[in-house]
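# next one to model:
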Amino acid sequence: MALGLGWTVHGDGKAPPLGEAVAPEERLSWPRTVGIGAQHVVAMFGATFVFPLIMGLDPNLAIMMSGVATIIFLLIVQGKVPSYLGTSASFVGGVFAVRAAGGDSGDVVGSILIAGVVLALVGLLIQFAGVRAVNKVLPPAVTGAVVMLIGFNLAPVAAGIYWPQDQWVALATMTFVIVCALALRGFWARISILLGLVFGYLLSILLDVTAGQITSPDGTGEVVTRDRINFDSVGQADWFGLPEFTAPSFSFNFALLVLPAVIALVAENAGHVKAVAEMTKRDLDPVIGRAVFADGVGTVVATSVGGSPTTTYAENIGVMAATRVYSTAAYYVAAIVAILLGLVPKFGALINIVPGGVLGGITVVLYGMIGLLGAKIWKENRVDFANPINLVPLAAGIIIGIGNVTLEFTDTFLLNGIALGSIVAVAAWHLARAVAPAEMKAALTREGAHPAAGTSFGHGGHEVSVVGADRVDVTERNVGGREVSADPSSVDRVTGEEYRLPRDPGETRDR
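Below you'll find the predicted structure:
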């Protein structure tokens, strides 16, 4: 069907045999589809409510609107790209900048709404002009720099706001997340952030009972003696009801602070579509523009009522890798479950009391992962930093972004941090390319995607290639007549024989 709402039953409706997979337009029996949809809810859940908490937005509303945005996305892409739209991490730095400049939640969601409109327009541009047009404006060298400064700009937030609230719980939570991400496998490793949050939550309760109250800075920075976790608001909350909506307010200055996130979202959505294309063995390049547009529309709809920005989620792509089920029917189930959860205020209150120390342990991992994904984009696209075109302007942009440098135009208009760093990275790179000598420009043509590299920038750092029964297998591609393996830097478990790429087109190497 045109909207991708007609599903045929795959085989006998049971789990697909080894070597087979359930296509997006297929489904298993409805009980099994509901079960897989529940897995998608668990996979998206941790980050979808952690990031609203960090941004000072309502996590219950964010979860509900993520379901609405997912349905919108699936309808716009006509069921060709199975994906879940959870809360985007790319806006966190911009949101902190808005709040630091005196903005409230209305200013935050209004600014993100404007960015959503811009993202939708970029999606239309990609759809009609092709992906190459965007790549010329935002080459991997620039995209990686913007992603990096978005993540690392947030380091003072984790270190100065969350971690000091309970340093030992933060340290324990961080350690638990790291151990889970590395010691566990498959689906469980992908939800290490959620597991870490549950661990920190329970640890805080245990310490309140055994060690008593803690004296430390609270969220405002004031040193107080208090319980680590207080359930009074949970007891007062209703079981059923609407979440609290926030009307957006609009400011050009605030919008500039969050617009750099659009660059990251374009890269993120394109990468996720590429990953799904690999898994489903289909050419989805013609749908990339539609997917970016759909994400923009989802963000606009979500923030119009006070929800969080959205993006396609790599964790849910991981669920597809583990189950070999790419059915969009499972995503509709997940979306409906998320909407229903948003109608339970008591559930939202339970989320809102997550201790600051727990968030401290989680954010040091999350923010660092966002930053390092910028380096991963450079690596996968073989960006040459021996070339001054890449080195000089991007170095300046990154330091401006991470150091929160401010450029003041008037008393009411200034640029700083992520916004200024992103503008410098993009504009100065193109300026450097324009004035550089011919040999430096020629060197840029030798860059490009590593033939065996992944293409995804995910907020959680997970990528996928070819589906295996319980793992992600090596994606083998032909390079100059040779088979090469998937990018070994992928966070996912990779199995199969590895081959090193030749250093240059003239070099050969036997297996």
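# CA atoms for contacts and neighbours, from now on please.
Fine.
# same question for the one helix or strand T175 maps to, mean pLDDT?
Element membership for T175, per DSSP states H and E: helix 167-183. The average pLDDT within helix 167-183 is 89.
# so what does it touch, helix or strand wise?
helix 186-190, helix 192-210, helix 356-380 (3 or more Cα pairs under 8 Å, 6 or more residues apart in numbering; DSSP states H and E).
# now the angle from that helix to helix 192-210?
Here helix 167-183 points in a direction 140 degrees away from that of helix 192-210 (axes from the mean of the first three to the mean of the last three Cα atoms, to 10 degrees).
# one step back: got a markdown table for the helices and strands packed on helix 167-183, with mean neighbour count, mean pLDDT and distance to F49 too?
As requested, those are arranged in a markdown table below (neighbours: other Cα atoms under 10 Å; pLDDT from 0 to 100; distance: least, Cα to Cα, whole Å):
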| stretch | mean neighbour count | mean pLDDT | distance to F49 |
| --- | --- | --- | --- |
| helix 186-190 | 21 | 65 | 16 |
| helix 192-210 | 19 | 85 | 10 |
| helix 356-380 | 24 | 81 | 11 |
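# thinking again about what came up before, what are the contacting residues of the helix holding T175?
163, 188-190, 192-193, 195-197, 199-200, 203-204, 357-362, 364-365 (Cα atoms under 8 Å, 6 or more residues apart in numbering).
# one more pass at 7 Å, please.
Here helix 167-183 makes contact (Cα atoms under 7 Å, 6 or more residues apart in numbering) with 163, 189-190, 192-193, 196, 199-200, 357-358, 360-362, 365.
# looking at these, which is nearest V146?
V365 (18.6 Å; Cα to Cα).
# so what's the closest one up against?
V365 touches M174, counting by Cα under 7 Å, 6+ apart.
# do S105 as well
Neighbouring residues of S105 by Cα under 7 Å, 6+ apart: L57.
# and the strands in the stretch 301-450 of the chain, which stretches?
Per DSSP state E, counting those that start in this stretch, the stretch 301-450 of the chain carries strands over the ranges 310-312, 406-408, 414-416.
# my guess is L61 contacts L242. True?
No: in terms of Cα atoms under 7 Å, L61 does not count as a neighbour of L242; the distance is 8.5 Å.
# could you check which of these two is surrounded by more residues?
Using other Cα atoms under 10 Å as the criterion, L61 and L242 rank with L61 on top: 30 against 13.
# so which helix or strand takes in that one?
helix 59-76.
# give the next helix or strand downstream of that helix.
Counting by DSSP H and E, the element after helix 59-76 in chain order, helix or strand, is strand 85-87.
# residues contacting that next one, please?
44, 47-48, 51, 66, 69-70, 308-313.
# top of those residues by number of neighbours, please.
In terms of neighbours by other Cα under 10 Å, those top out with S308 at 37 neighbours.
# any regions of the stretch 51-200 of the chain where pLDDT drops low?
186-187, 190-191 (pLDDT under 70).
# oh sorry, the question was meant for the stretch 301-450 of the chain
Applying pLDDT under 70 to the stretch 301-450 of the chain flags residues 314-315, 318-319, 321-323, 410-416, 448-450.
# picking up where we left off before, quick one: which of the contacts of strand 85-87 is nearest A270?
For the contacts of strand 85-87, the nearest to A270 is T312 (9.7 Å; Cα to Cα).
# okay, and the beta partners of that closest one?
L85 (DSSP bridges).
# now it: how far from G6?
Distance from T312 to G6, counting by Cα to Cα, to the nearest Å: 22 Å.
# check W168 too.
Separation of W168 from G6 (Cα to Cα): 52 Å.
# buried ones in the helix holding L61?
59-76 (16 or more other Cα atoms under 10 Å).
# ditto for stretch 209-228
Quick answer for stretch 209-228 (16+ other Cα under 10 Å): 214, 216-218, 227-228.
# how far off centre is that stretch?
31 Å (Cα atoms, centre = their mean, to the nearest Å).
# ok, residues contacting that stretch?
Stretch 209-228 has contacts (Cα under 7 Å, 6+ apart) with 161, 164-166, 204, 208, 355.
# among the residues you listed, which two are most distant?
I161 and D208 (20.7 Å).
# circling back to that earlier point, any idea of the angle the helix holding T175 forms with helix 356-380?
On the basis of the same axes, to 10 degrees, helix 167-183 is oriented at 40 degrees to helix 356-380.
# next, count neighbours for N153.
By the measure other Cα under 10 Å, the count of residues near N153 is 27.
# oh sorry, the question was meant for A133
13.
# quick check: it is in a helix.
Yes: counting by DSSP: H, G, I helix; E, B strand; the rest coil, A133 is located in a helix.
# quick check: closest non-adjacent residue to it.
I126 (7.2 Å; Cα to Cα, 6 or more residues apart in numbering).
# sort out which residues of the helix or strand where the one you found lies are buried, please.
Secondary structure assignment for I126, by DSSP H and E: helix 105-129. Using 16+ other Cα under 10 Å as the test for burial, helix 105-129 gives 105-127.
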